[in-house]
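Pasting a predicted model and its sequence here:
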Amino acid sequence: MSDKTYHHGNLRNALIEVGISLIHSEGIERLSLRRVAALCGVSQAAPYAHFENKEALLDAMRAYATERFTQALETAMQTVPNEDDPELLVEMGKQYVLFFLENPQYFNFIFSQSWMQIDLDLTNDSPTNFPPFLLLKTNTVRIYRKLGVPDEKIEDMVIAMWASVHGLTSIATMRNVHYSKDWSKKIEDIIRNN
C-alpha cells in the first residue's frame, strides 16, 4: 500500500473523521486503528503517531465531534445581536438540526455512546454535562429568567426544546425517512410553533 501524503495535523483529523464515519456505517465493533489507516490509505503504523491505541482514537473522536457541534451552536448564537432575545434559541435549535443534517455520522456517534451525559436539572451544571446541551440549557435558563418565567416552567421548556430539536434531528437523519421539501424551512416552522 502506498501512503497518501498528509500534513501532520490533517492526518489526525482524517483518521478521526474516518473513524466516526466507520462507526456510523458499520458499528463501533468494526473500529480499529488498522482499519482506519487502510481507509485513509496510509500505513498501519501511521495512526500510532497520533493515537496510542483505539481508546485514544475514540477519545479524540469524542472531543472532535463535541467541539464541532459546540462551535456550530456558538456560530448560530452570533447571528442574534441581543443574547437575551428568545430568537437566539430558535437559531440554536435550527443549527442543532442542520448540523446533523450536514453531518449525520456525528448524530449516531455522539448520542449512541455511553460517554455522553446530559443533566436536565436546572440546579446541576456539572462540568461532565455534554457541552452543546449545556450551552442550550444555559441560554434557555438565562433568557427565560430575565423574562420572569419560574424555574419549574423553564425546566419544562428546556426539556421540550431539547426533545423537539433532538426528535427532529432523529427523524431528519434517518436513512429510511424521505422528505422532498426544504428541511431548513420546515425546522424553523416547527421550532417557532412549539
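Thanks, I have it. Numbers count the residues shown, from 1 in each chain.

tell me the strands in this protein, going along the chain?
With DSSP state E as the criterion, the chain has no strands.

isn't residue 125 right up against residue 138?
Yes - using C-beta atoms under 8 Å, residue 125 is in contact with residue 138, at 7.2 Å. C-betas here are computed from N, CA, C, even on glycine.

Between these two, which contacts overlap?
Shared contacts of residue 125 and residue 138 (C-beta atoms under 8 Å, 6 or more residues apart in numbering): none.

OK, contacts around residue 99?
So residue 99 contacts 68, 69, 72, 73, 106 (C-beta under 8 Å, 6+ apart).

Pull out the buried positions in the helix or strand of the chain with the lowest mean pLDDT.
Least confident element among the helices and strands of the chain, by mean pLDDT, DSSP states H and E: helix 183-192 (a mean of 88). For helix 183-192, burial by neighbour count (16 or more other C-beta atoms under 10 Å) applies to 187, 188, 190, 191.

And the third one, how far from residue 46?
Going from residue 190 to residue 46 by C-beta to C-beta, to the nearest Å gives 44 Å.

show me where the chain has helices.
When assigned using DSSP state H, the helices of the chain occupy the ranges 8-26, 33-40, 54-77, 87-102, 104-111, 131-146, 151-173, 183-192.

care to break the chain down by domain?
1-51, 62-192 (automatic domain parsing).

Out of these, which gets the lowest mean score?
Note on the domains of the chain: lowest mean pLDDT is at domain 1-51, with a mean of 88.

For stretch 17-32, buried residues please.
Quick answer for stretch 17-32 (16+ other C-beta under 10 Å): 17, 18, 19, 20, 21, 22, 23, 24, 31, 32.
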